[in-house]
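K.L.:
build me a model from this:
(chains A and B)
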2 protein chains.
Amino acid sequence: MINKLVSKIKATNAPIVVGLDPTLKFVPGHIQKKAFAEYGETLKGAAEAIWQYNKEIVDHIYDLIPAVKPQIAMYEQFGIPGLMAFQKTVDYCKEKDLVVIADIKRGDIGSTSEAYAVGHLGKVTVGSKVCYGFDEDFATVNPYLGSDGVRPFIKVCKEENKGLFILVKTSNPSSGEFQDRLISDADNRHLYEVVGEQVAKWGEEHMGDSYSYIGAVVGATYPEEGKLLRAIMPKSYILVPGYGAQGGKGKDLVHFFNEDGLGAIINSSRGIIAAYQQEKYASYGEEGFAEASRAAVEDMKADIEEALSSR
Amino acid sequence: MINKLVSKIKATNAPIVVGLDPTLKFVPGHIQKKAFAEYGETLKGAAEAIWQYNKEIVDHIYDLIPAVKPQIAMYEQFGIPGLMAFQKTVDYCKEKDLVVIADIKRGDIGSTSEAYAVGHLGKVTVGSKVCYGFDEDFATVNPYLGSDGVRPFIKVCKEENKGLFILVKTSNPSSGEFQDRLISDADNRHLYEVVGEQVAKWGEEHMGDSYSYIGAVVGATYPEEGKLLRAIMPKSYILVPGYGAQGGKGKDLVHFFNEDGLGAIINSSRGIIAAYQQEKYASYGEEGFAEASRAAVEDMKADIEEALSSR
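P.N.:
Model (predicted):
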């Protein structure tokens, strides 16, 4: 799956992943109205609205990008109906041949991590049959519990040719509270460096052609840390959230890439899916929200291309 | 909700929470057979089997215990049908007046954490209506992303009188890999101490009558660390996994409790729900699996009572 991701990035010339993180505030009124008319102002109605919204966006951008990253929390907030909309979104994106990176940030101890891993990336045995749960291509994983929390995910990835992005340095303002602590028994390196080294080791256990199936999450908002982590984990793809709405810009991103122009995939969520709410794309109007998303993808692609070519 | 938890612990004289972490390996053959006859060897069939299994166990133990802790991963492995069984289990336990601690170990950045928080502990607005998602009483939270990942959970807890248990020192063998690292800018204390101090601070923001709504997870397998963390977080309830099957024993647990005999709630999962598979309870047979669970709860209660009275 990492090979597919790399080849799709090359083919689209877009090291970009679009975060499908819908909230009702983003969903145009006409879509909400229709969904509520059918299912009421209920969790089902909300789930239908976000699914229709997602579908129209995907239809307008799938040919420009290699991958999408649905954030499961935005669906989980609407309970079971929301998670059904998540599943529909995953399935639809796979139909469109997009690589699906499920932003689930799961992580637990041994057998429990295994349950998450089989539910999202693998298969379960039921009686004499084998069944697939959510069946995404990649998942994000929280490493706080250590190797025996992460290894079950790696095991399933090896069986299924799937991959992971492990949280190393997150994009939020208080990510430093624990992740930036200096570790005295690691020569006063930061915790995120220690985690990054571990990701590099885990990555060696499951290599694709040029990059590992085991990648990392490092926020666009921390370019200096990105530079350091790029060197620590040369074979790991870095998934970079925080571009656009969170403040990261194209020029902040160059250090996340390797010399080969690969090794990083930049996420934008709101900046793409709610582009029509920005002044810049306001002329598309609510009805043209998906065209606005397409324009925002094209602008993001150009911004990153320019930053990379002028480094 | 922390007040309800404390008063139920006093009323049952059982600082015990039963982990409802079903896998098909635990579910007796006759239950699986019936479920598969109705729904096939499918995710739905598996979900029906674990729901019926849970229900019979809960019916046999609800009067002995204050709380249950369903581990969502064990349901999520069966996709949407599994999560529907999780929801049914949560709802049923609440009907039985049990406090429901959802072991979800979620954690993300700001608005995304908020989505998890409203989905599990709060409510969402859909048009002019307010809707509840999973609606558990407590949730476990992963703190790796720092304060702005945790605060949205605390905000929702304040609005809804719900509570959290934040991962501080987990019960698994490799929990030390990151959690035990010595932090040079914190006088060489361990990362788990730094996290524990933060939990104590967060806890002050949302106090119940005698304990905070914001508790911590500290594994039974680390009694010395438990002693230290008990002192660091005097007002936080400690949820202690790792008793029984993971190796923790009653005598290891005394340091997790305060002098008032409160402040800790000990989890057992497999040791209770799959008791009939242990030699000790084999005489109950597969058909008597729920009676075996009841006997195991009574034995666990006695073990902890003895340990506490002889300290």
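
K.L.:
please report how far residue A:305 lies from residue A:237.
P.N.:
Look at residue A:305 and residue A:237: by C-beta to C-beta, to the nearest Å, they are 18 Å apart. All C-beta spots, glycine's among them, are computed from the backbone N, C-alpha and C.

K.L.:
repeat for residue A:177
P.N.:
For residue A:177 relative to residue A:237 (C-beta to C-beta), the value is 26 Å.

K.L.:
of the two, which one has the most company?
P.N.:
Applying other C-beta atoms under 10 Å in any protein chain shown to residue A:177 and residue A:237 shows that residue A:237 carries more neighbours, namely 28 against 20.

K.L.:
leaving out sequence neighbours, find the closest residue to the more buried one.
P.N.:
residue A:215 (3.8 Å; C-beta to C-beta, 6 or more residues apart in numbering or on different chains).

K.L.:
that neighbour pairs with what?
P.N.:
residue A:165 (DSSP bridges).

K.L.:
need the contact list for it.
P.N.:
Taking C-beta atoms under 8 Å, 6 or more residues apart in numbering or on different chains, we find residue A:215 in contact with A:2, A:138, A:163, A:164, A:165, A:166, A:199, A:203, A:236, A:237, A:238, A:239.

K.L.:
ok, now residue A:224?
P.N.:
Residue A:224 touches residue A:255, counting by C-beta under 8 Å, 6+ apart.

K.L.:
so for it, what's the pLDDT?
P.N.:
If you check residue A:224, the pLDDT there is 94.

K.L.:
with residue A:250 instead?
P.N.:
pLDDT, residue A:250: 78.

K.L.:
just the contacts of residue A:215 now: which is nearest residue A:186?
P.N.:
residue A:199 (14.5 Å; C-beta to C-beta).

K.L.:
and the angle for the helix or strand hosting that closest one with helix B:191-204?
P.N.:
Per DSSP states H and E: residue A:199 is located in helix A:191-204. Counting by axes from the mean of the first three to the mean of the last three C-alpha atoms, to 10 degrees, helix A:191-204 lies at 120 degrees to helix B:191-204.

K.L.:
does chain B have contacts with helix A:191-204?
P.N.:
Yes - Helix A:191-204 lies within reach of chain B by C-beta under 8 Å from any C-beta of the partner chain, at A:191, A:194, A:195, A:198.

K.L.:
so how far is residue A:236 from the last one?
P.N.:
Right, residue A:198. Per C-beta to C-beta, residue A:198 is found 11 Å from residue A:236.

K.L.:
tell me where the stretch 151-300 of chain A has helices.
P.N.:
Secondary structure of the stretch 151-300 of chain A by DSSP state H, counting those that start in this stretch: the helices cover A:176-179, A:191-204, A:223-232, A:270-273, A:289-309.

K.L.:
nearest residue to the residue nearest to the spatial centre of chain A other than its sequence neighbours?
P.N.:
Closest residue to the average C-alpha location of chain A: residue A:69 at 3.7 Å, with C-alpha atoms, centre = their mean. Nearest residue to residue A:69, sequence neighbours excluded (C-beta to C-beta, 6+ apart): residue A:101, at 4.3 Å.

K.L.:
now do the contacts for the residue nearest to the centre of chain A.
P.N.:
Counted by C-beta under 8 Å, 6+ apart, residue A:69 has contacts A:17, A:18, A:19, A:20, A:100, A:101, A:102, A:103, A:239, A:267, A:269.

K.L.:
neighbours around residue A:236, how many?
P.N.:
Neighbour tally, residue A:236, other C-beta under 10 Å: 29.

K.L.:
is it true that it touches residue A:200?
P.N.:
Yes - here residue A:236 reaches residue A:200: they are 6.3 Å apart, a contact under C-beta atoms under 8 Å.

K.L.:
thinking residue A:303 is in contact with residue A:249, fair?
P.N.:
Yes - the pair residue A:303 / residue A:249 is scored as a contact, 7.4 Å apart, by C-beta under 8 Å.

K.L.:
ok, these two, which is more surrounded?
P.N.:
A direct count of neighbours by other C-beta under 10 Å for residue A:303 and residue A:249 places residue A:303 higher, at 17 against 13.

K.L.:
please name the nearest non-neighbouring residue to the more buried one.
P.N.:
Per C-beta to C-beta, 6+ apart, closest to residue A:303 is residue A:250, 3.9 Å.

K.L.:
the one you found: neighbouring residues, count only.
P.N.:
With other C-beta under 10 Å as criterion, residue A:250 counts 20.

K.L.:
who's in contact with it?
P.N.:
Here residue A:250 is in contact with A:243, A:303, A:304, A:306, A:307 (C-beta under 8 Å, 6+ apart).

K.L.:
and it, how far from residue A:217?
P.N.:
In terms of C-beta to C-beta, residue A:250 sits 19 Å off from residue A:217.

K.L.:
kindly report the same for residue A:211.
P.N.:
15 Å.

K.L.:
when those two are compared, which one has more neighbours?
P.N.:
Between residue A:211 and residue A:217, counted using other C-beta under 10 Å, residue A:217 has the larger neighbour count: 25 against 22.

K.L.:
most surrounded residue in the residues of helix A:191-204 next to chain B?
P.N.:
residue A:195 (26 neighbours).

K.L.:
what residues does that one make contact with?
P.N.:
A:143, A:166, A:167, A:168, A:179, B:178.

K.L.:
mind showing which ranges of the stretch 101-250 of chain A have poor pLDDT?
P.N.:
A:245-248 (pLDDT under 70).

K.L.:
if we use 80, what do you get?
P.N.:
A:244-250 (pLDDT under 80).

K.L.:
secondary structure class for residue A:136?
P.N.:
coil (DSSP: H, G, I helix; E, B strand; the rest coil).

K.L.:
what is the burial count for it?
P.N.:
26.

K.L.:
can you check residue A:162 too?
P.N.:
23.

K.L.:
kindly list the main-chain dihedrals of residue A:27?
P.N.:
With angles defined as degrees, to the nearest 10, residue A:27 sits at phi -80, psi 120.

K.L.:
from the chain's centroid, how far away is stretch A:48-63?
P.N.:
17 Å (C-alpha atoms, centre = their mean, to the nearest Å).

K.L.:
right, is that stretch up against chain B?
P.N.:
No - against chain B, stretch A:48-63 shows no contacts by C-beta under 8 Å from any C-beta, the least distance being 8.5 Å.

K.L.:
follow-up on the earlier one: run the angle between the helix holding residue A:199 and helix A:223-232 for me.
P.N.:
Going by the same axes, to 10 degrees, helix A:191-204 makes 30 degrees with helix A:223-232.

K.L.:
buried ones in helix A:191-204, by neighbour count?
P.N.:
For helix A:191-204, burial by neighbour count (16 or more other C-beta atoms under 10 Å in any protein chain shown) applies to A:191, A:192, A:193, A:194, A:195, A:196, A:197, A:198, A:199, A:200, A:202, A:203.

K.L.:
could you identify the most distant pair in these?
P.N.:
So, the buried residues of helix A:191-204 by C-beta to C-beta: farthest apart are A:191 and A:203, at 18.3 Å.

K.L.:
contacting residues for the closest residue in space to residue A:134 that isn't next to it in sequence?
P.N.:
The spatial neighbour of residue A:134 that comes closest, neighbours along the chain excluded (C-beta to C-beta, 6+ apart), is residue A:120 at 4.9 Å. Residues counted as contacts of residue A:120 (C-beta under 8 Å, 6+ apart) are A:102, A:104, A:106, A:133, A:134, A:135, A:136, A:139, B:76.

K.L.:
swap in 10 Å and give it another go.
P.N.:
A:72, A:90, A:102, A:104, A:106, A:132-139, A:141, A:153, A:156, A:162, B:73, B:76-77, B:79 (C-beta atoms under 10 Å, 6 or more residues apart in numbering or on different chains).

K.L.:
among those, which are in strands?
P.N.:
Counted as lying in strands by DSSP state E, out of those, are A:102, A:104, A:106, A:132, A:138, A:139, A:141.
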